[in-house]
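Participant: Provided below for reference: sequence and predicted model.
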Amino acid sequence: MKISACRGLWPAMAWSVVLAVGLSACGGGGSSGTAIVPVPVAVGGGATPPPPDAPPINEGTVRKWGYLTLPDGNRMRYTVLLPSAKGPFPVLIEYDGYGSGVVPDEAPVWVAEGYAVVGLNVPGTGCSSGEDHIFDATVGAAGAFAVEWAAKQPWSTGKVGMVGYSYPGYNQLWVAAQRPAGLVAIAPGKNVTDPYRDVGYPGGIQNVGFPAGWWGQFPDIWKSSAQDAAHIDGDAECAQNVRDNIEKIKRPDIDLVTWLDNDPHYGARYASKSAILITDRIVIPTLGTQSWQDEQVGPRMGYYEDTIAPDKMWLISSNGLHGTSDFSAYMLDVQRRFYAHFLKGENNGFEREPHVHLLQEMQETQGPRGSKTLVHTAAATFDRLPVKATPMRLWLQPGGVLSDTAPQDDKVPSSSYAYPVASPPVNDQGAGGWPAVSDATGQLTFTTGKLPQDLSYYGEGSVDLWLSATATDTDVQVSLSEVRPDGMEMFVQRGWLRASKRQLNDANSSVLRPWGDFTAATVKMLTPDEPTLMRVEMQKFAHVFRAGSSLRVTIDTPSQTGYWIFGNRQDKSTNRIWHDTRRPSSIVLGHVAYPHAKELPTCGIVQQQPCRKNEIAVPAGTGPKAPV
């Protein structure tokens with residue numbers, strides 16, 4: 001989840017350091033006022049200036065600030081930054097619970113593009129009074145109130161859009177579902193629309209890492225905002241609201257960590273915070289972004305993009321970190337043209353833009369004046385969502401083989417591994433990489449023969465396992481990787497499942513998308529040593545496995561992935577994977593033929609897809625071909 005002014009800090013710091021000091025130094029930044037000031041302002045907590053290659057904001061930018069009084073009496077702190085040119089201007093609102101109500105961090109780019117940028121704090125966060133009911137309809141209603149206010153201001157053309165990814169991205173969906181007058185386009189990126197399945201409990205296993213670390217940073221962020229508000233604007237009201245908000249978020253009914261700890265099953269509370277249940281009400285142009293290996297919120301996004309009319313939804317996907325859209329010139333260009341068309345009315349042909357952009361093998365390099373930038377080896381486009389994929393099934397066979405032929409024998413023995421045995425983390429933002437396995441008894445691998453042709457995939461997948469355990473419950477991690485001809489193994493994606501939470505919601509499930517039910521009523525423990533079918537949701541990804549490489553599936557104990565740390569069950573168990581004719585275990589992935597770079601990318605430079613030395617022999621024979 002994006003922390004204002006700290007996007008570049010998180011990837012460079014160890015998670016333990018982030019928890020200790022990471023964002024305490026990152027500020028976002030009553031009466032109201034107007035001033036002529038240079039922007040951005042680096043004061044108080046230290047708002048970070050724009051990157052060197054960002055368009056400059058001219059001296060003399062007009063800054064306005066104040067508080068909007070909501071119908072319930074609460075007051076939302078806002079800051080407006082206007083171009084120095086004569087208005088009125090189309091408006092972009094950055095609406096979050098960080099410091100945007102004082103220092104909108106999207107302003108450096110978009111004010112220079114001719115937009116009025118409004119930074120706005122969610123009720124109960126930062127300088128705004130109220131209660132911090134993150135991710136729910138009250139956030140949408142308050143944001144919709146602000147949209148209609150902004151549309152009527154003398155400096156506004158009446159056309160309003162919303163900007164920002166992660167936290168402000170979630171809020172855009174809640175606001176747009178309210179259909180406020182004046183809101184004509186949104187660009188939400190890196191979203192969480194199903195907090196239970198997307199981040200809080202992936203596969204029904206609690207994520208004890210990122211949510212608690214994210215939530216714990218807010219008091220320091222808000223204190224820095226109060227310092228900035230006082231220093232820049234002489235705002236004394238903010239400091240009192242911050243003190244009140246810090247106390248309020250300790251309440252059990254508000255504290256994110258408390259309710260994640262106390263609510264291990266999907267229920268009414270998670271439903272009330274799931275934007276996926278209302279995103280079908282969004283009827284305006286929407287531009288989303290997602291990163292397949294997003295170390296903070298993951299790539300799932302509740303599949304909200306499938307609920308919006310295909311002619312209104314655009315999506316840019318890539319491998320990489322949470323902050324790809326900050327550093328990809330391609331992504332920024334698409335976003336510029338999107339806003340220019342729908343807010344400024346420019347006849348730039350965006351209505352004919354392909355609705356899906358797939359950026360492949362994103363790599364970090366140096367931009368102008370030493371800044372970081374991202375480049376990709378290839379870009380594929382598709383007409384619209386959902387991208388049509390052909391299910392391609394591969395079966396787990398004895399001896400560690402992965403094959404496109406179903407099991408032919410009903411008497412072959414199962415394969416077993418020990419649980420829980422520590423398995424290697426991947427994309428630990430402090431240590432990086434993907435270490436070698438230290439104890440091979442804790443994993444099973446299944447590998448294809450060398451591929452006779454390139455195989456390209458897009459979207460989610462399903463790992464359909466017949467599993468037995470000596471314990472009454474166990475947690476499963478499945479990793480997908482590419483074993484390359486150069487002797488290296490490249491990480492692709494992972495999925496997870498708690499066996500006792502294997503029941504699916506059949507209405508939302510498909511051959512490629514197992515949708516866990518996760519309600520308390522459907523929990524069912526395992527009968528020891530009894531093979532049981534369970535479907536593990538493979539997180540969404542896109543990857544091209546080159547000819548001469550092999551696909552590999554690894555099954556082991558859940559381990560740290562990005563900032564995600566799993567609260568695994570500790571019951572010792574011998575877990576068995578069955579692969580006979582009566583109990584055929586398999587993986588099914590979505591094959592899509594799309595243009596891509598011919599050559600394998602160099603190991604170690606593809607963002608969030610680290611390599612390690614391959615220690616397991618590739619089976620003899622030829623691997624699978626693309627489905628007909």
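Facilitator: Structure received.

Participant: so where's the stretch 1-150 of the chain shaky on pLDDT?
Facilitator: Along the stretch 1-150 of the chain, segments meeting pLDDT under 70 span 1-60.

Participant: which of the residues in stretch 281-301 are buried?
Facilitator: 282, 284-301 (16 or more other C-beta atoms under 10 Å). To be clear about C-beta, it is placed using only N, CA and C from the backbone, and glycine gets the same treatment.

Participant: just stretch 527-540 next, same as before
Facilitator: Residues of stretch 527-540 classed as buried by neighbour count (16+ other C-beta under 10 Å): P531, T532, M534, R535, V536, E537, M538, Q539, K540.

Participant: My read is that the last one contacts Q290, right?
Facilitator: Yes. Distance between K540 and Q290: 7.4 Å, which falls inside the contact criterion (C-beta atoms under 8 Å).

Participant: residues bridging contact with these two, i.e. touching both?
Facilitator: P299 (C-beta atoms under 8 Å, 6 or more residues apart in numbering).

Participant: before we move on, the earlier item: just the ones of the buried residues of stretch 527-540 in strands?
Facilitator: Mapping the buried residues of stretch 527-540 onto strands (DSSP state E) picks out T532, M534, R535, V536, E537, M538, Q539, K540.

Participant: Return the member of those residues nearest to Y165.
Facilitator: Set against Y165, the nearest of those by C-beta to C-beta is K540 (16.5 Å).

Participant: Distance of that closest one relative to P386?
Facilitator: As judged by C-beta to C-beta, to the nearest Å, K540 and P386 stand 11 Å apart.

Participant: Same check on G87?
Facilitator: Separation of G87 from P386 (C-beta to C-beta): 40 Å.

Participant: now the helix or strand where A144 lies: how far from the chain's centre is it?
Facilitator: Assigned by DSSP states H and E, A144 belongs to helix 137-151. Helix 137-151 has its C-alpha centroid displaced from the chain centroid by 24 Å (C-alpha atoms, centre = their mean, to the nearest Å).

Participant: The helix or strand just after that helix pairs with which strands?
Facilitator: As assigned by DSSP H and E, the chain's next helix or strand after helix 137-151 is strand 156-162. Using DSSP bridges, the strands paired with strand 156-162 are strand 89-96 (parallel), strand 183-186 (parallel).

Participant: mind putting the ones you listed in a markdown table, mean neighbour count included?
Facilitator: What follows is the strands paired with strand 156-162, written out as a markdown table (neighbours: other C-beta atoms under 10 Å):
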| stretch | mean neighbour count |
| --- | --- |
| strand 89-96 | 28 |
| strand 183-186 | 23 |
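
Participant: quick one, which of those strands is nearest to I254?
Facilitator: Closest to I254 of the strands paired with strand 156-162 is strand 89-96 (C-beta to C-beta; 16.9 Å).

Participant: so what does the helix or strand that the closest one is followed by touch, helix or strand wise?
Facilitator: Note on strand 89-96: by DSSP H and E, the next helix or strand toward the C-terminus is helix 107-110. Here helix 107-110 touches strand 116-121, going by 3 or more C-beta pairs under 8 Å, 6 or more residues apart in numbering; DSSP states H and E.

Participant: what about R582, neighbour count?
Facilitator: Residues near R582, counting by other C-beta atoms under 10 Å, number 10.

Participant: correction: T79
Facilitator: The burial count for T79: 30, using other C-beta under 10 Å.

Participant: picking that back up, mind listing what's buried in the helix holding A144?
Facilitator: For helix 137-151, using 16+ other C-beta under 10 Å, the buried residues are 137-147, 149-151.

Participant: which strands and helices sit next to it?
Facilitator: The contact analysis (3+ C-beta pairs under 8 Å, 6+ apart) places helix 137-151 against strand 62-69, strand 75-82, strand 89-96, strand 116-121, strand 156-162, helix 167-176, strand 183-186.

Participant: chain center to stretch 403-420: distance?
Facilitator: That offset, for stretch 403-420, works out to 34 Å (C-alpha atoms, centre = their mean).

Participant: in it, what's buried?
Facilitator: Neighbour counts over stretch 403-420 (16+ other C-beta under 10 Å) mark S403, P407, V412, S414, S415, S416, Y417, A418, Y419, P420 as buried.

Participant: before we move on, what about stretch 445-463?
Facilitator: Residues 445-451, 455-463 are the ones in stretch 445-463 that count as buried (16+ other C-beta under 10 Å).

Participant: And stretch 319-332, by the same measure?
Facilitator: Under the neighbour-count criterion of 16+ other C-beta under 10 Å, stretch 319-332 has N319, G320, L321, H322, G323, T324, S325, D326, F327, S328, Y330, M331 buried.

Participant: And for stretch 331-344?
Facilitator: M331, V334, Q335, R336, R337, F338, Y339, A340, H341, F342, L343, K344.

Participant: mind putting the ones in strands among the buried residues of stretch 527-540 in JSON lines, pLDDT included?
Facilitator: As requested, these are exported to JSON lines (pLDDT from 0 to 100):
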{"residue": "T532", "pLDDT": "98"}
{"residue": "M534", "pLDDT": "98"}
{"residue": "R535", "pLDDT": "98"}
{"residue": "V536", "pLDDT": "98"}
{"residue": "E537", "pLDDT": "98"}
{"residue": "M538", "pLDDT": "98"}
{"residue": "Q539", "pLDDT": "98"}
{"residue": "K540", "pLDDT": "98"}
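
Participant: And those, which is closest to F491?
Facilitator: Q539 (12.0 Å).

Participant: isn't that closest one right up against S462?
Facilitator: No. Checked against C-beta under 8 Å, the pair Q539 and S462 is beyond contact range at 11.3 Å.

Participant: I'd like to know which helix or strand in the chain has the lowest mean pLDDT.
Facilitator: None of the helices or strands of the chain scores lower by mean pLDDT, DSSP states H and E than helix 15-17, at a mean of 32.

Participant: where's the residue of the chain positioned farthest from its centre, which helix or strand?
Facilitator: Residue farthest from the centre of the chain, counting by C-alpha atoms, centre = their mean, is K411 at 43.1 Å. K411 belongs to no helix or strand when assigned by DSSP H and E.

Participant: Now for the buried residues of stretch 331-344: which two are most distant?
Facilitator: M331 and K344 (19.1 Å).

Participant: Give me the secondary structure label for the residue nearest to M331 when sequence neighbours are not counted.
Facilitator: Of all residues not flanking M331 in the chain, S325 sits nearest, at 4.6 Å (C-beta to C-beta, 6 or more residues apart in numbering). Recorded secondary structure, S325: helix (DSSP: H, G, I helix; E, B strand; the rest coil).

Participant: mind checking the end-to-end distance for stretch 449-456?
Facilitator: Start-to-end span of stretch 449-456 (C-alpha to C-alpha, to the nearest Å) is 16 Å.

Participant: pLDDT on it, on average?
Facilitator: Here stretch 449-456 scores 98 as its mean pLDDT.

Participant: what's next to that stretch, contact-wise?
Facilitator: The contact list for stretch 449-456 (C-beta under 8 Å, 6+ apart) reads 392, 485, 542-551, 591-594, 596, 618-626.

Participant: For L183, give me its contacts.
Facilitator: Residues in contact with L183 (C-beta under 8 Å, 6+ apart) are A144, V147, A151, V160, G161, M162, V175, A176, I284.

Participant: my read: the last one touches K312, true?
Facilitator: Yes. Counting by C-beta under 8 Å, K312 is a contact partner of I284 at 6.7 Å.

Participant: Perfect, that will be all.
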